[in-house]
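*Asks:* 3D, please:
(chains A and B)
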Amino acid sequence: MNVTEILFWILSALAIASALMVVLSKNPVHSVLWLIMVFFAISGHYILLNAQFLFIVNLIVYAGAIMVLFLFVIMLMNLNTDTEPQKNKWLKVAGVVAGGCLMLVFVAALKSSGTQQVQMGEGNIGLIENLGKALFNEYVLPFEISSVLFLSAMVGAVVIGKKGD
Amino acid sequence: MLLAIDWLLIIEKFILIVVVVLVALGIAMYSTWAERKVAAVMQDRRGPNRAGPFGLFQPLADGLKLFFKEEIIPNTSNKFLFVLGPMLAMMTAMLTSAVIPWGGKFEIAGRTIDLQIADVNIGILFVFGVVSLGVYGIMIGGWASNNKFSLMAALRAASQMISYELAMGISIIALMFITGSLRLSVIVEQQMNHTWNIIYQPIGFLVFFICALAECNRTPFDLAEAENELNFGYHQEYSSMKLGFYLFAEYINMFISGVIMSTLFFGGYDIPFINEAAYGNVWWITLLGVGALFTKAIIFVLIFMWIRWTIPRFRYDQLMNLGWKALLPLALVNMLITAAVVLWLNK
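*Replies:* The predicted model follows:
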């Protein structure tokens, strides 16, 4: 075991433990904070793959912006364990079944992909120059279309928000 | 070999980290003294003048006082998160200093030492990422206090930071068009060989400066601690050194944002009108460069204080209007013009 492998196992354990805590904690604010921990652990994996740009973008976008908004909304809603309405029992069962199906799909997809060696700590596709060239040469059309998708979502949100006036 | 590590490198970086942290703490300490002196000068008072000559020992007395105050943790709050809040605020304030090039190179016993802790190739994005995480200290602290005024202040701080991050990011993008690199050491070297970026990006700097004021929660953007509306703000329930950490983090943020503005727009450790390359890696030129960077940063800190004691606080709707309707379009136009000019010149 070298340093990279030790770090890999620590980060993986951290990610899985935090992800479990997201589901298990009663308080929604704690769930969000655990989810931020998950993002940090996953960003750590990006560093191990020498994908520094993905690391920092993951932190800026997910931990720095989206999770702040989540936290913002949950703090405003002031959810407490006492006042939270108890959900229907069948709803919980349906949730378990749906989650199990998703996991089955993931496991099947991973199994069929076979084992591939991952370059740890080397390879420079994740560096910003190479990623930028790949995004704006080979994948420029899907990239731009996805940005239009985001724009339409934003316009939709503004339209819904304006309806009250 | 299980852990093949260059021990000299570790020791060198460790010393550098300790020095940077101590210097940042020392400067933050004396910023509190300078703030009171600046306020006194602007209001025609004397300011602190009892502890030591010119009141120079005042920060030590204040720090000692904070340590000896009773530590109160409210009964209803979440204790872990309550303690985590100030820790996060302090940590994110210090973390940015890791990627800043503090000076040129030293040579000790044939070993060249970089005065930069980590020269990562995403330097400026790292700064931006840490800044965007900085809001968690305030949000977690405000929520864990279980006080509605603290919560309101924390939510204000969060929405303000998210709004101003956008314009800040876009002004950085315009700067990136010119430098062509995200590595802070490369940005400084380019400015040492040519002119400072402020010449090419005056509007970008203006947007960045206003956003930096907002990100540091300084007046006129200190709505998170508007005492006449919110009693005291997000740190209302805090006492002793935990309160001290929040206040201290603000001063460290001020100093670090001054350093970043000098690095990005004012040549970093470049000494104006002197060609350092002609002297090579002489130790006193390197030290002078570090001094130049600190001088620039301290001038920014003094400008921050000057603004604080001159301009009154914004109303909340004015704050949002300025962020979304003035700074963001200005930054976007600046970015488009810069992109067009860069494209035209390259053809």
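*Asks:* give me every residue that touches residue B:44.
*Replies:* Listed by CB atoms under 8 Å, 6 or more residues apart in numbering or on different chains, the contact set of residue B:44 is empty. (Glycine included, C-beta is placed from N, CA and C.)
*Asks:* Quote the end-to-end distance of stretch B:95-115.
*Replies:* 16 Å (CA to CA, to the nearest Å).
*Asks:* who touches that stretch?
*Replies:* Counting by CB under 8 Å, 6+ apart, residues outside stretch B:95-115 touching it are B:8, B:12, B:16-17, B:20-21, B:24, B:116-120, B:123, B:126-127, B:130-131, B:184-185, B:188, B:256, B:259-260, B:263, B:268-269, B:276, B:281, B:283, B:285-287, B:289-290, B:293.
*Asks:* Kindly give a single PyMOL line that selects the buried subset of these.
*Replies:* If you want just the buried ones from those in PyMOL, going by 16 or more other CB atoms under 10 Å in any protein chain shown, the selection is:
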select buried, chain B and resi 12+16+20+24+116+117+120+123+126+127+130+131+184+185+188+256+259+260+263+268+269+276+285+286+289+293
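*Asks:* Can you flag which of the contacts of stretch B:95-115 belong to helices?
*Replies:* B:8, B:12, B:16-17, B:20-21, B:24, B:123, B:126-127, B:130-131, B:184-185, B:188, B:256, B:259-260, B:263, B:283, B:285-287, B:289-290, B:293 (DSSP state H).
*Asks:* rewinding a little: ok, which of the contacts of stretch B:95-115 also contact chain A?
*Replies:* When CB under 8 Å from any CB of the partner chain is taken as the criterion, the members of the contacts of stretch B:95-115 that contact chain A are B:120, B:126.
*Asks:* what's near enough to touch the residue in chain B that chain A sits nearest to?
*Replies:* Ranked by CB to the nearest CB, the top residue of chain B for proximity to chain A is residue B:132, at 3.0 Å. Going by CB under 8 Å, 6+ apart, residue B:132 touches A:59, A:60, A:63, A:64, A:65, A:68, B:161, B:165.
*Asks:* rerun at 10 Å
*Replies:* A:59-61, A:63-65, A:68, B:92, B:161-162, B:165, B:168-169, B:215 (CB atoms under 10 Å, 6 or more residues apart in numbering or on different chains).
*Asks:* Out of these, which is nearest to residue B:321?
*Replies:* Closest to residue B:321 out of those is residue B:162 (15.4 Å), distances taken as CB to CB.
*Asks:* pretty sure the closest one is touching residue A:68, no?
*Replies:* Yes: contact criterion CB atoms under 10 Å: residue B:162 and residue A:68 qualify, at 6.2 Å.
*Asks:* Got the domain ranges for chain A?
*Replies:* Domain ranges of chain A: A:3-85, A:127-165, per automatic domain parsing.
*Asks:* any low-confidence regions in the chain?
*Replies:* Picked chain A for this. For chain A, the stretches with pLDDT under 70 are A:1, A:78-87, A:114-126, A:164-165.
*Asks:* wait, chain B
*Replies:* For chain B, the ranges with pLDDT under 70 are B:1-5, B:77, B:109-110, B:280-281, B:347.
*Asks:* show me where it has strands.
*Replies:* B:105-108, B:111-114 (DSSP state E).
*Asks:* Please identify the buried residues of the last one?
*Replies:* Neighbour-count burial for strand B:111-114, with 16+ other CB under 10 Å as criterion, is recorded at B:113, B:114.
*Asks:* now do the first one
*Replies:* Buried positions in strand B:105-108, judged by neighbour count with 16+ other CB under 10 Å: residue B:106.
*Asks:* And for the residue found closest to residue B:213 once you drop the neighbours it is linked to in the chain, the neighbour number?
*Replies:* Leaving aside its sequence neighbours, residue B:213 sits nearest to residue B:221 (CB to CB, 6 or more residues apart in numbering or on different chains; 5.6 Å). Residue B:221 has 25 neighbours, counted by other CB atoms under 10 Å in any protein chain shown.
*Asks:* What helices and strands are in contact with the helix or strand where residue A:46 lies?
*Replies:* Residue A:46 belongs to helix A:28-48 when assigned by DSSP states H and E. Judged by 3 or more CB pairs under 10 Å, 6 or more residues apart in numbering or on different chains; DSSP states H and E, helix A:28-48 is in contact with helix A:3-24, helix A:52-58, helix A:67-77, helix B:79-95, helix B:123-133, helix B:135-144.
*Asks:* can you tell me the residue of chain A closest to chain B?
*Replies:* Closest point on chain A to chain B, by CB to the nearest CB, is residue A:64, at 3.0 Å.
*Asks:* and the closest residue to that residue other than its chain neighbours, how far is that from residue A:28?
*Replies:* Leaving aside its chain neighbours, residue A:64 sits nearest to residue B:132 (3.0 Å; criterion: CB to CB, 6+ apart). Distance of residue B:132 to residue A:28, given as CB to CB, to the nearest Å: 22 Å.
*Asks:* again, but for residue B:60
*Replies:* 44 Å.
*Asks:* In terms of neighbours, single out the busier of these two.
*Replies:* residue A:28 (18 against 13).
*Asks:* isn't that one right next to residue A:76, touching?
*Replies:* No: Residue A:28 is beyond contact range of residue A:76, at 11.6 Å (criterion: CB under 10 Å).
*Asks:* residues contacting the spatially closest residue to residue B:297 that is not a sequence neighbour?
*Replies:* Nearest in space to residue B:297, with sequence neighbours left out and distances taken as CB to CB, 6+ apart, is residue B:258 at 3.8 Å. Contacts here follow CB under 10 Å, 6+ apart; on that basis residue B:258 touches B:27, B:31, B:212, B:216, B:266, B:293-294, B:296-304.
*Asks:* Could you rerun that using 6 Å?
*Replies:* B:297, B:300, B:301 (CB atoms under 6 Å, 6 or more residues apart in numbering or on different chains).
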